[in-house]
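In: sequence first, then the predicted structure, then my questions.
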Amino acid sequence: MTLKLGIHTGQQECTYDDLRRVWRLADSTGFYWVSIWDHFYEQPMRDSKGDCFEGVAIMSALAAETTNVRVGSLVFGMAYRYPAVLAKAAATVDHVSGGRLELGLGAGWYELEHTTFGIPFLSVRERMDVMEEGVQVIKALLTEGSVTFQGKHFHLENANCYPMPLQKPPRIWVGGRGERRTLRVVARHADGWNVPYISPEEYAHKIGVLDNWCDVEERDPGEISRSVNVGFWMGTSAADAERERARFRAQYGERADEQSGGQLFGTASEVVDRIGEYADAGAQGLNIALRAPFNFEALQAFAEEVLPAFK
């Protein structure tokens, strides 16, 4: 069974050296993908004072620190990332990485990150409208180089994006689980779709919804790559696996039960079986999502005992 496995590094409450160690492990052991997130505060939230590195800058660092893995973002929020400027940053990261950029975009959902930074927190409908326009702006700039665009939220007049990306063009991913708007935007505009922290059963359902929207939009569903992010709580032994499960519950608190279906628990053999369920559900890629402190022994065990099962 072939599956592209990656690592999603939540760059919170860790040092830059911690991140570099994860990225270099992934780069040297055969992972396909490493990505970062786009938050201003720690997740799950405690007091908003936890360390959290900014997304565009840390993505550039990831690109410079690696040579093999795909360099991803899951996902930049359109509500506080002006799309034309983000396109310029993305093209730059593609050059820094030697053509390994994977650009993920989303609508943004966390009200506190907007209000405390003075960014309007729009209604869900308006945020989805902003996201869909933003995807179109970025895709045009990364594909055409010079763009005029007149939308409701964004206006460009002969805007240039040079140098163009090395890739012709980079893939644009849209992230999220919304069935009425998000998955339709994927069918209309995206090269890839990613969703975090859902069970294999729910993932299979979402893929069915996406395929239906592809029929509506007259899009070949085979043109869209599909991946899922799952929390990583694997242990190197049964006792270690229990400690990781307890750490998950302590970190997520009241949200632990509702989030548990989208997590990897247990030892390597149990994790292989669980990942296989996502592959059977239709996933082409799966990224293990990390929260500090990183369990490097478990990561190494994953590279040695899990990766080979999906080559």
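Out: Arrived safely, thanks for sending.
In: could you use CA atoms for every contact and neighbour count after this?
Out: OK.
In: ok, Leu19 to Phe296 distance?
Out: According to CA to CA, to the nearest Å, Leu19 stands 11 Å off from Phe296.
In: name the surrounding residues that touch stretch 303-311.
Out: Where contact means CA atoms under 8 Å, 6 or more residues apart in numbering, the residues beyond stretch 303-311 that reach it are Met1, Thr2, Leu3, Lys4, Leu5, Thr29, Gly30, Phe31, Ala268, Ser269, Val271, Val272.
In: tell me which of those fall in helices.
Out: The helices, defined by DSSP state H, take in Thr29, Ala268, Ser269, Val271, Val272 from the contacts of stretch 303-311.
In: please spell out the PyMOL selection for the buried subset of the residues you listed.
Out: In PyMOL, this line selects whichever of these come out buried by 16 or more other CA atoms under 10 Å:
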select buried, resi 268+271+272
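In: now distance to Gln251 too, for the ones in helices among the contacts of stretch 303-311, in JSON lines please.
Out: Compiled in JSON lines, these are given as follows (distance: CA to CA, whole Å):
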{"residue": "Thr29", "distance to Gln251": "28"}
{"residue": "Ala268", "distance to Gln251": "22"}
{"residue": "Ser269", "distance to Gln251": "25"}
{"residue": "Val271", "distance to Gln251": "20"}
{"residue": "Val272", "distance to Gln251": "24"}
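In: between the ones in helices among the contacts of stretch 303-311, which sits nearest Gln150?
Out: For the ones in helices among the contacts of stretch 303-311, the minimum distance to Gln150 (CA to CA) is 45.5 Å, reached by Thr29.
In: tell me the pLDDT at the closest one?
Out: Per-residue pLDDT puts Thr29 at 98.
In: what residues does it make contact with?
Out: Counting by CA under 8 Å, 6+ apart, Thr29 touches Ala303.
In: tabulate the contacts of stretch 303-311 (a markdown table), appending distance to Arg125.
Out: Compiled in a markdown table, the contacts of stretch 303-311 are given as follows (distance: CA to CA, whole Å):
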| residue | distance to Arg125 |
| --- | --- |
| Met1 | 39 |
| Thr2 | 37 |
| Leu3 | 34 |
| Lys4 | 33 |
| Leu5 | 33 |
| Thr29 | 42 |
| Gly30 | 40 |
| Phe31 | 37 |
| Ala268 | 42 |
| Ser269 | 43 |
| Val271 | 37 |
| Val272 | 39 |
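In: distance of Leu86 from Tyr110?
Out: In terms of CA to CA, Leu86 sits 19 Å off from Tyr110.
In: tell me which of Leu19 and Phe296 has more neighbours.
Out: With neighbours defined as other CA atoms under 10 Å, Leu19 and Phe296 compare such that Leu19 has more, 21 against 13.
In: got the contact list for the lengthiest strand in the chain?
Out: Criterion DSSP state E: the longest strand present in the chain is strand 225-234. For strand 225-234, the external contacting residues (CA under 8 Å, 6+ apart) are 8, 191-198, 240-241, 244-245, 248, 262-268, 271, 282-290, 298.
In: mind doing that once more with 6 Å?
Out: Strand 225-234 has contacts (CA atoms under 6 Å, 6 or more residues apart in numbering) with 192-197, 241, 244, 262-267, 283-290.
In: now do stretch 129-137
Out: By CA under 6 Å, 6+ apart, the residues outside stretch 129-137 that reach it are Met78, Pro83, Ala107.
In: picking that back up, list the buried residues in whatever helix or strand comes next after the longest strand of the chain.
Out: Once the chain leaves strand 225-234, the next helix or strand it forms, by DSSP states H and E, is helix 238-252. Buried residues in helix 238-252, counted by 16+ other CA under 10 Å: Asp240, Ala241, Glu242, Arg243, Glu244, Arg245, Phe248, Arg249, Gln251, Tyr252.
In: got the CA coordinates for stretch 176-190 in PDB?
Out: C-alpha atoms of stretch 176-190 as PDB (Å, rounded to 0.1, in the frame of the first residue of the first chain):
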ATOM      1  CA  GLY A 176     -10.900  22.500   5.700                       C
ATOM      2  CA  ARG A 177     -13.900  20.200   6.200                       C
ATOM      3  CA  GLY A 178     -16.900  22.400   5.300                       C
ATOM      4  CA  GLU A 179     -19.100  20.600   2.800                       C
ATOM      5  CA  ARG A 180     -21.100  23.500   1.300                       C
ATOM      6  CA  ARG A 181     -18.300  26.000   0.600                       C
ATOM      7  CA  THR A 182     -14.800  24.700   1.300                       C
ATOM      8  CA  LEU A 183     -15.100  21.500  -0.700                       C
ATOM      9  CA  ARG A 184     -16.700  23.300  -3.500                       C
ATOM     10  CA  VAL A 185     -13.800  25.800  -3.600                       C
ATOM     11  CA  VAL A 186     -11.500  22.900  -3.700                       C
ATOM     12  CA  ALA A 187     -13.400  21.400  -6.700                       C
ATOM     13  CA  ARG A 188     -13.300  24.800  -8.500                       C
ATOM     14  CA  HIS A 189      -9.800  26.000  -7.800                       C
ATOM     15  CA  ALA A 190      -7.400  23.800  -5.800                       C
END
